[in-house]
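[1] could you look at this predicted model? Sequence included:
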Amino acid sequence: MTDSLLLQVAVDTPVRGLFDYRLKSEQHEQQTGALIGSRVLVPFGHRELIGVIIRELEDDDDVAVDKLRDIIQVLDSTPLLDSHCIQLLLWSAGYYQYAVGAAVFTALPPALRKNKAAEISQTRLWSAEAAGDSSALNRAPKQREVFDWLSEHVSGVSDDALRQQFGPISSCLKSLEKRGLIVARSSDALTTQASNKQPSTALERPKLTQEQAQAYEQIAATLNSFAVHLLEGVTGSGKTEVYFALIEQLLNAPADADDVDNPAQILIIVPEIGLTPQLLRRLKHRFQIPIATLHSNISEQQRQDTWLRVGLGRYQIILGTRLSVFTPIANLALIIIDEEHDHSLKQQEGFLYHARDVAIYRARMLQIPIVLGSATPSLESTLNAKQGRYKHLLMRKRAQETPLPRMHLVDMRALPAREILSPTLRQAMHRHLEAGNQVILFLNRRGFAPALICHDCAWVAQCSRCDAKLTFHSKSAKLYCHHCDHRRSKPEQCPECQSNNLLLVGFGTQRIEQLLTDEFKQYSAIRFDRDAIKRKGQLEQILEDIQEQRHSIIIGTQILSKGHDFPRVSLVGVLDIDYGIFSADYRALEHSAQLLTQVAGRSGRRQEQGEVVIQSHAPDHPLLQSLIAKGYPDFAEQALALRQSCNLPPYSYQMLLRARATYADHAQQFLERAKQLAQTQLTSDLAIMGPLPSSMEKRAGKYRAVLLFSANNRRSLSIGTADWLQQLHRLPEARRVQWNLDIDPLEGI
């Protein structure tokens, strides 16, 4: 035996498993807090790396103590990860067959992946001076509003909280400070977060509709136990109000006498940063308490501060994107996944986890309820509800009692090939715009034109690094690849035949924007896509401009479909829905149906019945017809039947081994060897397809290929897989490729 403590440490490397180290007794004696979940500095090969202590080795563990290396330093006085988070990360790394250390460090904020103190930065707290004479503010309404709000929060309010409440107000604060009405002091703000709470009043709380009340009551009945609720409600049915009623129930619940310092916390996960501004505004207006936001569009220091405060229980409402599912939360009582169907909830690089499925495991582990909300649930969730694994809650009516929009399907085959806006859509646009309403034009293609071709020799501008055409962007007058971001100038002549007869073929959102300047020049138009939203604050400004009706026409891609509420939109034009119908990916039709339903739902949400015009070259497609005539639930039933007949997910289970290499044969050779090993090492219940070239074989200068594994049960995907992966790492062919394994893939081959 030894006086040293033996510990297993997760280190941020692709090497799978945990690593054993010793902690000298004198180092252990210096520690005032628990060790498990704390960061340490350890020797690793010839380097020194940061690790996280995962568990203490038991006396009966078979460890060669004399061969262990010593931990250099314990970096944290208190653990960063609690036992629940460690359990969640271990399960996630195991299920998704990913290196534990890499998974653990994915969960940490970037600033805490370094040898940096886990400290919350000092912040400034503003408070009102009770003796100040505020009569001079009668002619300064903004200053009066800020002063009155600060007067209600006697413990002081941080700069962040003030910005959340009022937006940029630096000049306002300076004026109030100069008048002697407010004062600033320095604090870490930890002790003030809870005291800033101001519950919403009954006047602010809208009365729930009958469907909303039924959904709320069924979920509220499970607030102290595990249950998965699939809240399926048509767009505009008020799913958010159900969320808010549940949050209010938890915020106002009497605190447990033994846990009075740990009020209930609620985690809300949205698929994209783009959904946070509008939801954050509604949350702030409704609950009047500080709200934590966790996403990649905040600074490293802000993310670290918020992450640490959440772990200490200082925020009751946490709003974040997919990575927030791993955040330590002191007293988590409810998880809400909004837009649960959205593919953005699945990480597509590095640690390939699905936030929805990880969140369900976390809820089960903590024995708390989880709500999955969507107007267009994924087929996986729909089947789970049909089979009774999830409690299925349906809301078929809009909260404002407005009927669902009228749908019109336009056959584009009868029109000239270069026609972009059909006469039906043009007439509808004039009608709705003249009535003072707003119009959305939806097209899931950025740029001006998706192809540049030579009329004389049929040359096409291709990306030199991808099997993809270059898209012309008119603002920069350059050709862009939307897959690897390669860009080049538009040639004046064809590089093959030197002809000047180059044509821009097809259309993207920029071309639609230019087209409208002629026929609809009296109406302001704005583009709402990733090219138009690049600077910090730009998204919030565009959303505000739309809400304030500074623009009559909104042209956008799929980010338009993601839960935004535009009250004055009465017409949606879907310019091209055919890409999903003709795609080789079996999931594309489901994704297109969800996009179409979601974007159509932006229409007619507040006033008269809205209208949707859908342009298609395949108007007779049976699933498209079903979607338009009977709605998404009927489409989902038919799509599930089709999946079952083909034994595709969710009726079977898949994993995808992807490889990419500088040379195509290197990727193929690696996958061939992987397949040979799989046939001997993995269960015979697995069906193996490939190696196959990816649908886009060359991307970003690398050739890509895949090996697809299918099974009739999840267990067959896991038997022997960890050992098989270890063998893949040792293959000579593995040195020439980059590869990963995707469990439950959402992207096709």
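    Ah, there it is.
[2] can you pull the buried residues of the longest strand anywhere in the chain?
    Looking across the chain with DSSP state E, the single longest strand is strand 687-699. By 16 or more other C-beta atoms under 10 Å, the buried positions in strand 687-699 come out as 690-691, 693-694, 697-699. (Each C-beta comes from the backbone N, C-alpha and C, glycine too.)
[3] for Gln214, state which of those is nearest.
    The closest of the buried residues of strand 687-699 to Gln214 turns out to be Ser694 (C-beta to C-beta; 46.1 Å).
[4] per the record, what domains does this structure have?
    Per the record, the chain has its domains at 5-113, 123-187, 202-395, 406-448+507-644, 653-743, by automatic domain parsing.
[5] so which of those domains comes closest to Pro495?
    Nearest of those (C-beta to C-beta): domain 653-743, 19.2 Å.
[6] centre of the chain to the closest one, how far?
    On the basis of C-alpha atoms, centre = their mean, to the nearest Å, domain 653-743 sits 27 Å off its chain's mean C-alpha point.
[7] what average pLDDT does it get?
    For domain 653-743, mean pLDDT is 89.
[8] what do you get for stretch 490-500?
    pLDDT averaged over stretch 490-500 gives 84.
[9] quick one: residues in contact with that stretch.
    452, 454-457, 459, 461, 472, 477-479, 501-502 (C-beta atoms under 8 Å, 6 or more residues apart in numbering).
[10] highest neighbour count among those residues?
    The most crowded member of the contacts of stretch 490-500, judged by other C-beta atoms under 10 Å, is Phe472 (25 neighbours).
[11] what lies in contact with stretch 311-320?
    Residues from elsewhere that reach stretch 311-320 (C-beta under 8 Å, 6+ apart): 80, 82, 190, 193-194, 197, 247, 250-251, 261-270, 276, 279-280, 283, 287, 289-295, 306, 309-310, 324, 327-331.
[12] tell me the pLDDT of Ser138.
    That one is not Ser; residue 138 is Asn. In this prediction, Asn138 has a pLDDT value of 73.
[13] ok, Asn740 - contacts?
    Contacts for Asn740 (C-beta under 8 Å, 6+ apart) come out as 352, 657-658.
[14] parallel or antiparallel, list what pairs with the host helix or strand of it.
    Element membership for Asn740 (DSSP states H and E) is strand 738-743. In the sheet, strand 738-743 lines up against strand 653-661 (antiparallel) (DSSP bridges).
[15] flag the shaky bits of the stretch 351-500 of the chain, pLDDT-wise.
    Scanning the stretch 351-500 of the chain for pLDDT under 70 picks out 417, 445-450, 474-475, 482.
[16] now the helices for it?
    355-366, 379-386, 423-434 (DSSP state H, counting those that start in this stretch).
[17] which one of the ones you listed lies nearest to Tyr651?
    Going by C-beta to C-beta, the one of these nearest Tyr651 is helix 379-386, 7.7 Å.
[18] show me which positions of that closest one end up buried.
    379-385.
[19] and for stretch 478-488?
    Buried residues in stretch 478-488, counting neighbours by 16+ other C-beta under 10 Å, are found at 479-482, 484, 486.
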